[in-house]
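In: coords please:
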Amino acid sequence: MGEFTIGLDVLEALDKSLPVPVVNLEAELLVATLQSIQEQLDHAQQAMRDLAESFPEYINLKSIPGFGPYVSAVALGAIGNPIASRNGPS
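Out: Presented below is the predicted three-dimensional model:
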């Protein structure tokens, strides 16, 4: 909570010391950066889902209550191929 208050204090000080066009430009750049990051995350998540769907185990993991697409894909990535693990490294 204290960090948030400090952040607000900094923003208020900047608001008083910087001309409005500079503040608006900074805000526009920040929004554009956040939108770009969101697009990259969306792309990465879709690629992860597409790859996970190529494994039959993914369907089995998604059937577990509480395991949605994201958790199932992450679990599949962490577990890997359980058959290969039982047979040892190749």
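
In: buried ones in the longest helix along the chain, by neighbour count?
Out: When secondary structure is assigned using DSSP state H, the longest helix within the chain turns out to be helix 20-52. Within helix 20-52, the residues scored as buried using 16 or more other C-beta atoms under 10 Å are 48, 52. Bear in mind the C-beta positions are built from the backbone N, C-alpha and C, glycine included.

In: check which helices and strands it sits against.
Out: Helix 20-52 makes packing contacts with helix 69-79 when contacts are defined by 3 or more C-beta pairs under 8 Å, 6 or more residues apart in numbering; DSSP states H and E.

In: hmm, back to that, give me the contacts around the helix or strand following the longest helix of the chain.
Out: Remark: after helix 20-52, the chain's next helix or strand is helix 56-62, criterion DSSP states H and E. The set of residues external to helix 56-62 that reach it, using C-beta atoms under 8 Å, 6 or more residues apart in numbering, is 52, 67, 68, 69, 71, 72, 73, 75, 76, 79, 82.

In: among those residues, which two are most distant?
Out: In the contacts of helix 56-62, two members sit farther apart than any others by C-beta to C-beta. They are 68 and 82, at 20.5 Å.

In: buried subset of the contacts of helix 56-62?
Out: Under a neighbour-count criterion of 16+ other C-beta under 10 Å, the subset of those counted as buried comprises 52, 67, 72, 73, 75, 76.

In: I'd like the residues you listed as JSON lines, with distance to residue 59 appended.
Out: Rendered in JSON lines, the data for the buried ones among the contacts of helix 56-62 read as follows (distance: C-beta to C-beta, whole Å):
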{"residue": "52", "distance to residue 59": "10"}
{"residue": "67", "distance to residue 59": "11"}
{"residue": "72", "distance to residue 59": "9"}
{"residue": "73", "distance to residue 59": "12"}
{"residue": "75", "distance to residue 59": "13"}
{"residue": "76", "distance to residue 59": "10"}
